[in-house]
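Engineer: need coordinates for the following:
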Amino acid sequence: MLSIQDYHQKIKSKIDSQNYLQQPIELYEPIRYTMQLGGKRLRPTLTLLACDIFNGNIDEAVNAALGLETFHNFTLLHDDIMDKAPIRRGQPTVYKKWDANRAILSGDTMMVLAYDCLLKSPKDLLFDLFTVFNKVGKEVCEGQQYDMNFETTSSVSIDDYLEMIKLKTAVLIGGSLHVGTIIARASQKHAQLMYNFGEKVGMAFQLQDDLLDAFGDSSLFGKQTGGDIRANKKTYLYLKACEVSNSTDHQRLKDLYTIQDENNQAKVDEVITLFEKYNIEALTKNLMEDFYKEAMSFLQKIGLDDDKEKALIGIADTLMKRNT
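Structural biologist: Here you go, the predicted structure:
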């Protein structure tokens, strides 16, 4: 098996080899900018890793891996507009650097490019690959819609939120592993178990993202700290705080989340103080640990040898403990 660094290098080389600066330049320049920003490259790495674990030819998986990374970045271009996010990976978001129209159109083009990448996979696997890709793509959009719905409703439950992050984030992580397993021509049973493992890891990954948004170092995290609070996003942190707080603090949280002022640092500070009062960081980490244990239970059912199992556990551990 290759190392995680080797997978990263293969993905980087593939991205670097793409001709993103086509005409009209106004359309393609934001695509090149986005794809060159770097990031964790988590999803394509998982695709190559899954293929390698089941003794597949990872060169056959590189195009699909790039397609998944392109699709993921396409969603970010549009999400940043909807979330009014000014920073992504420590740099201005596309709609901030240019404008919303270019971000929308360049994002649309990235979706087409993602399909082009996937079409370069082995022909006998295309039906299965597109079935997974389309299912995941639709679910990601459903998750984003739920996320937006939650901003204007007061009746969001913790279960509602967990379902939303499963769709918006976790299914793509599971799908990335699923795609790699398909390209390795592993069994359907193993492909499903890998998907299930990835989905549970993805749940913990998103909860860690929520924690970093509130408690992370923006210089490391690469996004504006408190962005979810500024946007009144009802994350697990907020919902759990509402659940465990006394009636006075509960009402204060609800009042703070009616303030429509993205530059209100005092609001962010007060919300975080309430999170700290009720030990929300520790409670969130407890839930992350529950998802981690579920992921491990699926992993054990696959029956991999120690080295391969350790590689997947290493990925999960890294995602659980990350600060970016």
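
Engineer: now residue 70: how far from residue 14?
Structural biologist: 11 Å (C-beta to C-beta, to the nearest Å). Any C-beta I mention is one placed from the backbone N, CA and C, and that applies to glycine too.

Engineer: and if you look at residue 258?
Structural biologist: On the measure of C-beta to C-beta, residue 258 and residue 14 end up 46 Å apart.

Engineer: neighbour count: the two, which is higher?
Structural biologist: Counted by other C-beta atoms under 10 Å, residue 258 and residue 14 do not tie: residue 14 has more neighbours, with 16 against 8.

Engineer: surely that one touches residue 64?
Structural biologist: No: applying C-beta atoms under 8 Å, one finds residue 14 not in contact with residue 64, separated by 10.8 Å.

Engineer: burial of the closest residue to residue 198 other than its chain neighbours, as a residue count?
Structural biologist: Spatially, and ignoring its direct neighbours in sequence, residue 198 is nearest to residue 174 (3.6 Å; C-beta to C-beta, 6 or more residues apart in numbering). Residue 174 has 27 neighbouring residues, counting by other C-beta under 10 Å.

Engineer: what does the pLDDT read for residue 174?
Structural biologist: According to the prediction, residue 174 has pLDDT 98.

Engineer: now it: which helix or strand?
Structural biologist: helix 171-183 (DSSP states H and E).

Engineer: lowest-confidence helix or strand of the protein?
Structural biologist: helix 218-221 (a mean of 62; mean pLDDT, DSSP states H and E).

Engineer: what mean pLDDT does whatever helix or strand comes next after it get?
Structural biologist: Moving toward the C-terminus from helix 218-221, the next helix or strand (DSSP H and E) is helix 227-230. For helix 227-230, the mean per-residue pLDDT is 90.

Engineer: now the angle from the helix or strand containing residue 59 to helix 171-183?
Structural biologist: Residue 59 is part of helix 58-83, with elements assigned from DSSP H and E. With axes from the mean of the first three to the mean of the last three C-alpha atoms, to 10 degrees applied, the angle from helix 58-83 to helix 171-183 works out at 160 degrees.

Engineer: mind giving me the packing neighbours of helix 58-83?
Structural biologist: Where contact means 3 or more C-beta pairs under 8 Å, 6 or more residues apart in numbering; DSSP states H and E, helix 58-83 is packed against helix 4-16, helix 25-35, helix 42-53, helix 94-97, helix 100-119, helix 126-150, helix 171-183.

Engineer: most tightly packed of the ones you listed?
Structural biologist: helix 171-183 (a mean of 28; mean count of other C-beta atoms under 10 Å).

Engineer: quick check: residue 248 vs residue 241, distance?
Structural biologist: 13 Å.

Engineer: quick one: low-confidence parts of the stretch 1-150 of the chain?
Structural biologist: For the stretch 1-150 of the chain, no stretch has pLDDT under 70.

Engineer: got phi/psi on residue 122?
Structural biologist: Backbone torsions of residue 122, given as degrees, to the nearest 10, read phi -50, psi 130.

Engineer: give me the distance between the closest residue to it other than its chain neighbours and residue 321.
Structural biologist: Take residue 122 and drop its neighbours on the chain: the residue closest to it by C-beta to C-beta, 6+ apart is residue 60, 5.6 Å away. Going from residue 60 to residue 321 by C-beta to C-beta gives 32 Å.

Engineer: on that earlier part again, surely the residue nearest to residue 198 meets residue 197?
Structural biologist: Yes: with contact defined as C-beta under 8 Å, residue 174 counts as touching residue 197 (7.5 Å).

Engineer: give me the buried positions along the helix holding residue 59.
Structural biologist: Residues of helix 58-83 classed as buried by neighbour count (16 or more other C-beta atoms under 10 Å): 58, 60-81, 83.
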